[in-house]
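Asks: Return a 3D structure for these sequence lines:
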Amino acid sequence: MNAAREKVRVANALGELPKISASFAKGEISYSKVRAMTRVATPDNEDYLLMIAHHGTAYHVETLVRKYRRARRLQDLQEANKQHDERSLQVFYEHDGSITLQVHLPAEKGALVLKAIELAMDEEKAVEDRLRERAAEQEYADADVSAEFEDEHLPFDHRRADALTHMAESYLAHGPTASSSADRYQVVLHVSAETLTNNEGDISHIEDGARVSAETARRICCDAGISVLSKDENGTILNIGRKSRIIPPAMRRALKARDENCRFPGCTHKYYIDGHHIKHWSDGGETSLDNLVLLCRHHHRLVHEGGFTCTKNSQGKVEFRNPQGILIARAGRMPVLPLNFHLSERLRNRYQDLFIDANTCVSKYDDARIDWDLAVGHMFH
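Replies: Numbering: from 1, shown residues only. Next up is the predicted model:
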């Protein structure tokens, strides 16, 4: 199935890459080279990639694409980590005794705060509407009562400031409340299936807001409500699937009873914890207790954007590894997968009428040393 999906992906990508498609049709470049190029090729860079393909081997094309994708991914992660490191809240006391707050937050956290403020504004308006209706029903809507609602149309900034105050009052009254990402994130995030699967699709973005990195999108979607929207090649909406809860409430209760707190070594946080898929659901991981682990918000971010990894060893125990590859806990060995690259005689006969001989696909590589920094850097121009 994986090989079939990959061939379908390559075929779809070639529709927008006429030069690579034409060269492939003539047998000038191999499928291995085309498969690698279509992962990053655009009409703007296909000339450059074709030059590399004609003058290099499949290994060179694969290496260039792999290094470019890694550089692009690190660029996104660096930006996400930069936003996280630069988060701040500064307080300024004005001469008249008022207070000015200046907040700098990462995109997804900023959107979360704005959604909470909008909710508080809506709740305040609902309370005012109920009071107004009650006053009218009790026939107390005289001049004095009406005066209470004269400032109904307050400036938007005033209403937002009042909502922030109400949020603080609510927190002080009720304290911290544990919640899942599905309850916490009422933020619309637009992200393609390719981004969730391999980090290389269109960069995701918050609705009417800023962009977020692919890995940040994967972290948010670890345990959140998902709505699938299908489009055709022209962008026309074909179908909107039902919203699905990734971790059902009953399973979340069982997960909380089993793990109790964040499972990262040395962490004992019990509040603001997320359910993390050890094998991400977009990669085929099941939403089952065996594939779930509780992580606090800090360590959940580290596992996605911070370069840490979370796996299960051969005994089924959850283990973590830091960005340098050092085991924080013992990890199981990766399974060895057999490789088979036999080409059947039937396929050779099928394409013999294309007059492809042993020299058609020969690379022009002259054993020169490749400057990978220069080659990858050119991809960004």
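Asks: next helix or strand past the helix or strand where residue 299 lies?
Replies: Element membership for residue 299 (DSSP states H and E) is helix 297-304. Next along the chain after helix 297-304, taking DSSP H and E as the criterion, comes strand 309-312.
Asks: which of the residues in stretch 257-274 are buried?
Replies: 259, 262-264, 272-274 (16 or more other CB atoms under 10 Å). Any C-beta I mention is one placed from the backbone N, CA and C, and that applies to glycine too.
Asks: and it, C-alpha only, in PDB?
Replies: Output of stretch 257-274 as PDB, limited to C-alpha atoms (Å, rounded to 0.1, in the frame of the first residue of the first chain):
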ATOM      1  CA  ALA A 257      -6.200   6.600  35.800                       C
ATOM      2  CA  ARG A 258      -3.300   4.700  34.300                       C
ATOM      3  CA  ASP A 259      -0.700   7.500  34.000                       C
ATOM      4  CA  GLU A 260      -1.900   9.900  36.700                       C
ATOM      5  CA  ASN A 261       0.600  12.600  35.600                       C
ATOM      6  CA  CYS A 262       3.000  13.500  32.800                       C
ATOM      7  CA  ARG A 263       5.100  10.400  31.900                       C
ATOM      8  CA  PHE A 264       8.200  12.300  30.900                       C
ATOM      9  CA  PRO A 265      11.100  11.200  33.200                       C
ATOM     10  CA  GLY A 266      11.200  13.300  36.400                       C
ATOM     11  CA  CYS A 267       8.000  15.300  35.600                       C
ATOM     12  CA  THR A 268       5.100  15.100  38.100                       C
ATOM     13  CA  HIS A 269       2.700  17.600  36.600                       C
ATOM     14  CA  LYS A 270      -1.000  16.600  36.900                       C
ATOM     15  CA  TYR A 271      -2.700  19.700  35.500                       C
ATOM     16  CA  TYR A 272      -2.700  20.900  31.900                       C
ATOM     17  CA  ILE A 273      -1.700  17.600  30.400                       C
ATOM     18  CA  ASP A 274      -2.400  16.300  26.900                       C
END
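Asks: What average pLDDT does that stretch get?
Replies: In this model, stretch 257-274 has an average pLDDT of 84.
Asks: what residues does the helix holding residue 299 touch?
Replies: Contacts with helix 297-304, where a contact means CB atoms under 8 Å, 6 or more residues apart in numbering, come from 84, 215-216, 218-219, 222, 262, 264, 267, 269, 272-274, 276, 295, 308-310, 320.
Asks: List the ones among the residues you listed that fall in helices.
Replies: Using DSSP state H, the members of those that fall in helices are 84, 215-216, 218-219.
Asks: May I see these organised as JSON lines, with distance to residue 52 and pLDDT added?
Replies: Shown next, in JSON lines, are the ones in helices among the contacts of helix 297-304 (distance: CB to CB, whole Å; pLDDT from 0 to 100):
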{"residue": "84", "distance to residue 52": "35", "pLDDT": "84"}
{"residue": "215", "distance to residue 52": "27", "pLDDT": "70"}
{"residue": "216", "distance to residue 52": "31", "pLDDT": "72"}
{"residue": "218", "distance to residue 52": "30", "pLDDT": "67"}
{"residue": "219", "distance to residue 52": "34", "pLDDT": "72"}
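Asks: Right, I'll leave it there.
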